[in-house]
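**Student:** Fold the stuff below for me.
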Amino acid sequence: MAAGVEYTIDELARQAGTTVRSLRVYHERGVLPPPQVKGRTGFYGPEHLNRVRTISRLLDRGIKLNGIKELLNAWGRGDDLGDILGVADAGEAESSVAVPSAEPGETIAATELVERYRDVPNGLARVVAAGLYEPVDAATYRISDRRLIRVIEKLAGAGVPIPEILDELERLRGDADRIARRFVDLFRRTAFASFQQSERGSAEQVELGDRLRTARSLPGETTAELVNLFVARYLDQDTELAEALTED
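**Tutor:** Take a look at the predicted model:
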């Protein structure tokens with residue numbers, strides 16, 4: 001965004017995808033610098049918009065406003081918060097099988113996708129249905145979930161055929177949908193019900209927003225932890241696998 005652009009608080013909220021009430025709370029908590037006042041109106045610049053977007057990203061990761069204030073102060077001192085903010089490390093190790101070079105949002109030719117998944121029946125249609133890619137037009141697609149693609153490529157590198165990986169992914173999507181619905185129902189029965197019984201003031205709305213952001217991230221983290229736990233348990237109990245590893 002070009003320097004010199006100014007926003008009123010309403011405009012800033014719209015640009016950042018948040019509410020004026022939330023911005024006022026950010027001011028009160030000391031995570032958003034005050035605007036430049038001209039006459040009786042406060043004006044915000046691009047640096048404020050960047051700050052609000054950063055706050056939103058941290059809130060989405062379940063970090064509370066007090067913690068965000070400390071993190072932003074550390075950032076101001078020059079500490080590296082790349083991992084926390086979701087910035088990829090340039091030195092990140094490559095997977096054992098090559099992955100598409102495009103970043104999420106960049107395009108890839110349909111012919112390349114067809115070739116890449118040529119051993120998978122209806123491969124192009126299946127990877128699109130799985131949410132890995134999305135069509136731009138008839139000849140072009142874009143990556144929509146690079147992390148999931150990396151997982152698939154790592155499993156393929158471990159010797160699991162891609163058709164079977166996609167079969168499992170399709171089943172997993174159904175399982176994940178059911179888990180997500182249960183967590184949403186749980187949130188509505190508890191946190192949202194509590195909000196409905198409150199005074200519904202600005203403080204309660206901000207608290208509901210914080211809880212909602214937590215609800216977006218913690219179910220996935222919890223599910224992943226439990227799945228990894230049970231996978232490890234089943235592998236440890238597999239005597240045939242253990243014997244294969246100890247053979248001379």
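**Student:** helices or strands up against the lowest-mean-pLDDT helix or strand in the chain?
**Tutor:** One helix or strand of the chain scores below all others by mean pLDDT, DSSP states H and E: helix 65-76, with a mean of 71. In this structure, helix 65-76 makes packing contacts with helix 20-29, helix 46-60, judged by 3 or more CB pairs under 8 Å, 6 or more residues apart in numbering; DSSP states H and E. Where C-beta positions appear, they are placed from N, C-alpha and C, glycine not excepted.
**Student:** any idea which of the ones you listed scores lowest on pLDDT?
**Tutor:** Confidence, taken as mean pLDDT, is least for helix 46-60 of the helices and strands packed on helix 65-76 (a mean of 81).
**Student:** For that one, buried residues please.
**Tutor:** H48, L49, R51, V52, T54, I55, L58, L59 (16 or more other CB atoms under 10 Å).
**Student:** could you dump the residues you listed to JSON lines with distance to V31?
**Tutor:** Listed next are those as JSON lines, based on distance: CB to CB, whole Å:
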{"residue": "H48", "distance to V31": "11"}
{"residue": "L49", "distance to V31": "14"}
{"residue": "R51", "distance to V31": "8"}
{"residue": "V52", "distance to V31": "9"}
{"residue": "T54", "distance to V31": "9"}
{"residue": "I55", "distance to V31": "6"}
{"residue": "L58", "distance to V31": "9"}
{"residue": "L59", "distance to V31": "10"}
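**Student:** now the longest helix belonging to the chain: how far from the chain's centre is it?
**Tutor:** Taking DSSP state H as the criterion, the chain has its longest helix at helix 202-236. Offset of helix 202-236 from its chain centre (CA atoms, centre = their mean, to the nearest Å): 12 Å.
**Student:** Which elements pack onto that helix?
**Tutor:** By 3+ CB pairs under 8 Å, 6+ apart, helix 202-236 packs against helix 20-29, helix 46-60, helix 162-187, helix 193-196.
**Student:** quick one on the thing from earlier: residues of the least confident helix or strand of the chain that come out buried?
**Tutor:** L65, I68, L71, L72.
**Student:** can you list the residues that contact the helix or strand following the longest helix of the chain?
**Tutor:** Per DSSP states H and E, the first helix or strand lying C-terminal to helix 202-236 is helix 239-246. For helix 239-246, the surrounding residues in contact (CB atoms under 8 Å, 6 or more residues apart in numbering) are L235.
**Student:** so where does E134 fall, helix or strand?
**Tutor:** strand 133-137.
**Student:** next SSE after that strand?
**Tutor:** Assignment by DSSP H and E places the next element after strand 133-137 at strand 140-143.
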